[in-house]
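[1] what's the 3D shape of this:
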Amino acid sequence: PLDGDGQQNGQVVDPVALLVPNAPTATWMRTYGTLQVEQPTDMVPTADGGYLVTAYWYDLTQSPSSLTARPYLLKLDSAGRLEWSRFAEPNSSPQLNFFPGYAMSASDGGYLIAGTRSPSIYEPDELVLLKVDARGDLVWQRAYVLNSPYLYGVFPTPDGGYMAFGYFEARIGDSWRHDTWLAKLDAQGNLLWQKAIARPELDSVVDEGTAVGDGYVFVGVALTKPGDPSRYVLYYYILKLDRNGEILWDKKFSVPIGSPACSPSWKPRKIVPTPDGGYVILDHCDQPNAFSEGDVLLLRLDGEGNLLWARRYGMEHPVTEVGNDLLLTPDGGYLVAGYRYTPESSTSGWLLKLDAAGNVEWERVYGGPPSPGPYSYDFLFRVFAVDGGYIAFGQTHRFSSWAGTSYNTGDIWVLRLDAQGRIANCSPSVMQGGGSPPTAEVPFEVFAPQDPAYSSWIVSEPDPRIAPSSASYVFHEGFLTETGTQCGE
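    The predicted structure follows:
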């Protein structure tokens, strides 16, 4: 779905046999699961060189009306071997769904697991924090009733605490407005302060954020009509906050909706600080008037939030690429992890390596055409740099016990890769690579309308505030196992 300017004539990458004599012997690919349904959510490197994986699972022995999502933890060593697993159940009835979306390492060698607890998939109503030690045993837990806020993310802060963020619905006269919500927690999960950040009469919701120096930076997207009722504008805004949540500066830039160059998505996937004090934003760029095709979009900013360049990456229609994670690589470049969709093979895990200027160096596709059966749902969610290469994490249908079925589920998937994204002794049915998807510059414009609603921020206490909850959980020994090693070693 790139615009046809005569210069973008790339094709889907050709398969290559990946018997790599010079690849590190440490490369491998492993899967983990049970006879139930697991949904992996996050992974974080651990102090001992291993990895902690979070997931939730459904017990299929329950009746459909009583199925509940339960959090699951897996500890892997540096070679991907399973050391231990835990699952948690609530000390309450009825048992509510708990989706552990975020895993973070703690300074004492333990981990913080954060997520939402809800009566249904569509109604998150509590923020739950579980602190476990290095063995996965529960140390403390906190829960907060969110009332109207909706959780979008949690990240660690330099003081050892955490920042939760999302949005809530504010009543403005006869209508509703979506405002940004921030909640600062200390190292024990106690609430220190909350902030509501809004613009008069406008939705303003941050989608991703991270700690930077002694403060925070957030990116959001909003839709508006700047003066001309016939011209919609979808614009990004960048907020730089101090440690107390006060705004230091903001920047805005946009692409008019309907532009042949790009129609950015409604939710940026990632914002990452760069060594020179700037930032990189990962998003998805849709083809105008089409909701099923698109490309990866990267935006490079300087330290004051000014846009340096914006570029899209992807194959021609009907292939779709989506980025879920963005890594700054040791050589100063970038690595995008996500998936590629093609009508022939559904979705495959996908890595895209770029240099510091955003030029393509290589790409890899993991999963390949399904056999047997018409379905394959393979995704990469996270990627990290490790000694001599990378570790990628996701979910695989192709290499799970569900392969060949129509179920949109699979096993937890971890891949140890060399510096070129390869695994030794893998066939083309596991991995493809060697291509270079076409790229295109995206002509963003600085967005600075004169309407005061666009230039003034309101920082206040949210109403209603989140409040402590009595929710609590107990951990049990897990029964999840390693289900396969497809190649490597």
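
[2] what is the mean pLDDT for stretch 395-412?
    The predicted model assigns stretch 395-412 a mean pLDDT of 76.

[3] Make residue 1 into 401 and carry on from there
    Sure, I'll start counting at 401 from here, so that last one is stretch 795-812.

[4] Which residue, other than its chain neighbours, is closest to S746?
    Among residues not flanking S746 along the chain, S776 sits closest, at 4.3 Å (Cβ to Cβ, 6 or more residues apart in numbering). From N, CA and C alone the C-beta is placed, and that goes for glycine too.

[5] Check that neighbour and give its pLDDT.
    72.

[6] from memory it sits against S800, does it?
    No - contact between S776 and S800 fails when scored by Cβ atoms under 8 Å: they sit 10.3 Å apart.

[7] Could you pull out the helices in this structure for me?
    852-855 (DSSP state H).

[8] Nearest to the spatial middle of it, which residue is it?
    In the chain, the C-alpha nearest the mean C-alpha coordinate belongs to N724, at 4.7 Å (Cα atoms, centre = their mean).

[9] Which residues are in contact with that one?
    With Cβ atoms under 8 Å, 6 or more residues apart in numbering as the criterion, the residues that contact N724 are R669, A737, G738, Y739, F779, L780, F781, R782.

[10] do the same with S485
    For S485, the contact set (Cβ under 8 Å, 6+ apart) comprises Y472, L473, L474, K475, G536, E877, G878, F879, L880.

[11] Report pLDDT for the residue nearest to it when sequence neighbours are not counted.
    The shortest distance from S485 to any non-neighbouring residue, by Cβ to Cβ, 6+ apart, is to G878 (3.0 Å). Predicted confidence (pLDDT) for G878: 81.

[12] Give me the distance between the two termini of stretch 860-867.
    Across its full length, stretch 860-867 reaches 17 Å end to end, with Cα to Cα, to the nearest Å as the criterion.

[13] what do you get for stretch 476-488?
    With Cα to Cα as the measure, the ends of stretch 476-488 fall 18 Å from one another.

[14] picking that back up, what is the neighbour count of the residue nearest to S746?
    Summarising burial for S776: neighbours were counted as other Cβ atoms under 10 Å, giving 23.

[15] What is the neighbour count of the closest residue to G615 other than its chain neighbours?
    Taking Cβ to Cβ, 6+ apart as the measure, G615 lies nearest to D642, with 4.7 Å between them; neighbours along the chain are not counted. D642: 12 surrounding residues under other Cβ under 10 Å.

[16] close enough to count as contact, D642 and G613?
    No - look at D642 against G613 with Cβ under 8 Å: they stay out of range, at 9.6 Å.

[17] show me where pLDDT drops low in the stretch 501-650 of the chain?
    Flagging of the stretch 501-650 of the chain using pLDDT under 70 yields the residue ranges 519-524, 547-549, 573, 600-602, 623-634.

[18] Apply 90 and report the result again.
    Screening the stretch 501-650 of the chain residue by residue with the criterion pLDDT under 90, one finds the ranges 507-508, 516-527, 543-552, 566-581, 596-607, 613-614, 620-637, 650.

[19] Just the strands from it, written as ranges.
    Using DSSP state E, counting those that start in this stretch, the strands of the stretch 501-650 of the chain run over 511-518, 526-532, 538-545, 550-556, 562-572, 575-585, 591-598, 605-612, 615-624, 633-641, 647-656.

[20] and the first one, how far out from the chain's middle?
    Strand 511-518 sits 15 Å away from the centroid of its parent chain (Cα atoms, centre = their mean, to the nearest Å).

[21] ditto for the last one
    Relative to the mean C-alpha coordinate of its chain, strand 647-656 is positioned 22 Å out (Cα atoms, centre = their mean).

[22] what's it packed up against?
    strand 633-641, strand 845-846 (3 or more Cβ pairs under 8 Å, 6 or more residues apart in numbering; DSSP states H and E).

[23] Counting by contacts, list what the longest one packs against.
    Under the contact criterion of 3+ Cβ pairs under 8 Å, 6+ apart, the helices and strands touching strand 633-641 comprise strand 615-624, strand 647-656, strand 663-664.

[24] got the angle between it and strand 615-624?
    Computed by axes from the mean of the first three to the mean of the last three Cα atoms, to 10 degrees, the angle separating strand 633-641 from strand 615-624 equals 160 degrees.

[25] Export strand 633-641 to PDB, keeping only CA atoms.
    In PDB, the C-alpha atoms belonging to strand 633-641 read as follows (Å, rounded to 0.1, in the frame of the first residue of the first chain):
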ATOM      1  CA  VAL A 633      -6.700  16.800  10.400                       C
ATOM      2  CA  LEU A 634      -5.200  13.900  12.400                       C
ATOM      3  CA  TYR A 635      -2.300  15.300  14.300                       C
ATOM      4  CA  TYR A 636       0.400  14.000  16.700                       C
ATOM      5  CA  TYR A 637       1.300  15.900  19.800                       C
ATOM      6  CA  ILE A 638       4.400  15.400  21.900                       C
ATOM      7  CA  LEU A 639       4.300  16.400  25.600                       C
ATOM      8  CA  LYS A 640       7.500  16.800  27.700                       C
ATOM      9  CA  LEU A 641       6.700  16.800  31.500                       C
END
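
[26] That one pairs with which strands?
    Strand 633-641 has the following strand partners under DSSP bridges: strand 615-624 (antiparallel), strand 647-656 (antiparallel).
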